[in-house]
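A.B. asks: Just to be clear, the model below is a prediction. Sequence and coordinates:
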Amino acid sequence: MMSAYEMVNIERFADIQSRAGLTDSEIIETVEQTPGYRVINLAATIPVEAKPMDRLAVEHFPFNRSYGCCIDRGSRVTIIASASIVDAAGGTFAFYIALMGGFNFIGREIGNRTIYRPVYIKKDDVEYTDSEKEYFKDLEKLVDKPDSWSFDIFPASGAQELEYDTSFHFGIGNGKGVESFEGDALLVNDIETYKKFYAAFAETMEEKFGLLCDSGRYHSTAIKTMWRRKLDVPKDLNAVVLRIAWSTLLWNDKRLLIAKTIADCINEYILSKKDVPIPQSLTTKAIGFNGYDIPNYEE
């Protein structure tokens, strides 16, 4: 039995071997035959300059769709983890933000990881699989509410990326290096609400955890095929991209408090809700994601 507060969804091969006496090949074979689990390499979550050693692990993830997980809580805010299939721990961190805040959640956990095709973008000349089509359709439903907001959550500063001086990298549709809240074809319509949210978020994260933010400094979100610009979604939808350093969402001992703080900031400065209570499912112990408000979910 594991507590939800511990956010334990990853077990290293070495720990499994010491407890169960399984070989690497036996672990891999078991994972391949067990829905809701996959093998990951934790070295991919550490910047290359740190010279990480390969560390294989097993990751557990929730699913109730052909592509992964979809939860409609009727909220005006939707948390998206479209790359969790290939980004270790990113989907779980996003899942907890949504759970703690009472937001909708959609995560892509299932599909071809060898030939990976992102659903963060939507191209007109691509024939998508039935699973990918279901993902796009569900995403359209989740954000089809007046004055909706979405937050695409991606990990950052892994083995293929530099380690930056900031931990939270926001994007609202501008090119890389453009830190202005103005521009053409922004992903956010209610820019005044966003500016208040961003200022409060940045101040809170620095005060509570010593973590810094930037908006557009290191990543571009101006891509024309980004789903917000291609899917059938309301014109007034506010879509925010938030990349979070793996050192924060996976390796920080306070990562669950950080996730709760993100949820609190969204509730207070986007939805004007303060002191949202912890969901009941987080006050009890359960196995995996069972009982965490996932419709039609089975262990």
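C.D. replies: Happy to help now that I have it. Numbering: from 1, shown residues only.
A.B. asks: Walking through the protein, point out its helices one by one.
C.D. replies: Assigned by DSSP state H, the chain shows helices spanning 13-20, 24-32, 90-101, 130-142, 191-209, 227-230, 246-249, 255-269.
A.B. asks: I'd like the distance between Pro155 and Arg255.
C.D. replies: 12 Å (C-beta to C-beta, to the nearest Å). Quick note: C-beta positions are derived from backbone N, CA and C, even for glycine.
A.B. asks: wait, Leu187 sits on Thr221?
C.D. replies: Yes - in this structure, Leu187 is within contact of Thr221 by C-beta atoms under 8 Å, at 6.5 Å.
A.B. asks: Need the residues touching each of these two.
C.D. replies: 171-173, 241 (C-beta atoms under 8 Å, 6 or more residues apart in numbering).
A.B. asks: Show only the entries of those residues found in strands.
C.D. replies: Those of the shared contacts of Leu187 and Thr221 mapping onto strands are 171, 241, per DSSP state E.
A.B. asks: Export the shared contacts of Leu187 and Thr221 to a markdown table and append columns for distance to Glu182, neighbour count and pLDDT.
C.D. replies: A markdown table is the format used below for the shared contacts of Leu187 and Thr221 (distance: C-beta to C-beta, whole Å; neighbours: other C-beta atoms under 10 Å; pLDDT from 0 to 100):
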| residue | distance to Glu182 | neighbour count | pLDDT |
| --- | --- | --- | --- |
| Gly171 | 14 | 28 | 97 |
| Ile172 | 10 | 24 | 97 |
| Gly173 | 10 | 22 | 96 |
| Val241 | 17 | 24 | 98 |
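A.B. asks: Quick check: the farthest pair among the shared contacts of Leu187 and Thr221?
C.D. replies: Using C-beta to C-beta, the two most remote members of the shared contacts of Leu187 and Thr221 are Gly173 and Val241, lying 8.5 Å apart.
A.B. asks: check contacts around Trp227.
C.D. replies: By C-beta under 8 Å, 6+ apart, Trp227 lies in contact with 82, 119-122, 136, 139.
A.B. asks: repeat that for 6 Å
C.D. replies: By C-beta atoms under 6 Å, 6 or more residues apart in numbering, the residues touching Trp227 are Lys122.
A.B. asks: Quick check, pLDDT for it.
C.D. replies: At Trp227, the predicted lDDT confidence score is 98.
A.B. asks: and Ala239, what is it in contact with?
C.D. replies: Ala239 sits next to 150, 187, 228 when contact means C-beta under 6 Å, 6+ apart.
A.B. asks: Repeat that for Asp130.
C.D. replies: If you count contacts by C-beta under 6 Å, 6+ apart, Asp130 has none.
A.B. asks: Now the shared contacts of Leu187 and Thr221 in CSV, please, with extra columns for distance to Phe63.
C.D. replies: Formatted as CSV, those follow (distance: C-beta to C-beta, whole Å):
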residue, distance to Phe63
Gly171, 27
Ile172, 30
Gly173, 31
Val241, 24
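A.B. asks: shaky segments in this structure?
C.D. replies: 1-8, 285-288, 297-299 (pLDDT under 70).
A.B. asks: higher neighbour count, Pro155 and Arg255?
C.D. replies: Pro155 (27 against 20; other C-beta atoms under 10 Å).
A.B. asks: Bridged to that one, which residues?
C.D. replies: Ile244 (DSSP bridges).
A.B. asks: What distance do you get for it to Gly90?
C.D. replies: 4 Å.
A.B. asks: if we can go back for a sec, relative to Asp293, which of the helices of the chain is closest?
C.D. replies: Comparing the helices of the chain under C-beta to C-beta, the one sitting nearest is helix 90-101, at 6.8 Å.
A.B. asks: tell me how far the closest one is from the chain's mean position?
C.D. replies: Taking C-alpha atoms, centre = their mean, to the nearest Å, one finds the center of helix 90-101 at 7 Å from the center of the full chain.
A.B. asks: That helix vs helix 255-269, what angle?
C.D. replies: For helix 90-101 against helix 255-269, the angle by axes from the mean of the first three to the mean of the last three C-alpha atoms, to 10 degrees is 50 degrees.
A.B. asks: So which elements touch helix 90-101?
C.D. replies: strand 77-81, strand 104-108, helix 255-269 (3 or more C-beta pairs under 6 Å, 6 or more residues apart in numbering; DSSP states H and E).
A.B. asks: for the second one, packing partners?
C.D. replies: The contact analysis (3+ C-beta pairs under 6 Å, 6+ apart) places strand 104-108 against strand 68-71, strand 77-81, helix 90-101, helix 130-142.
A.B. asks: Switch these over to CSV; also include distance to Leu162.
C.D. replies: Below are the helices and strands packed on strand 104-108 laid out as CSV (distance: least, C-beta to C-beta, whole Å):
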stretch, distance to Leu162
strand 68-71, 29
strand 77-81, 23
helix 90-101, 18
helix 130-142, 30
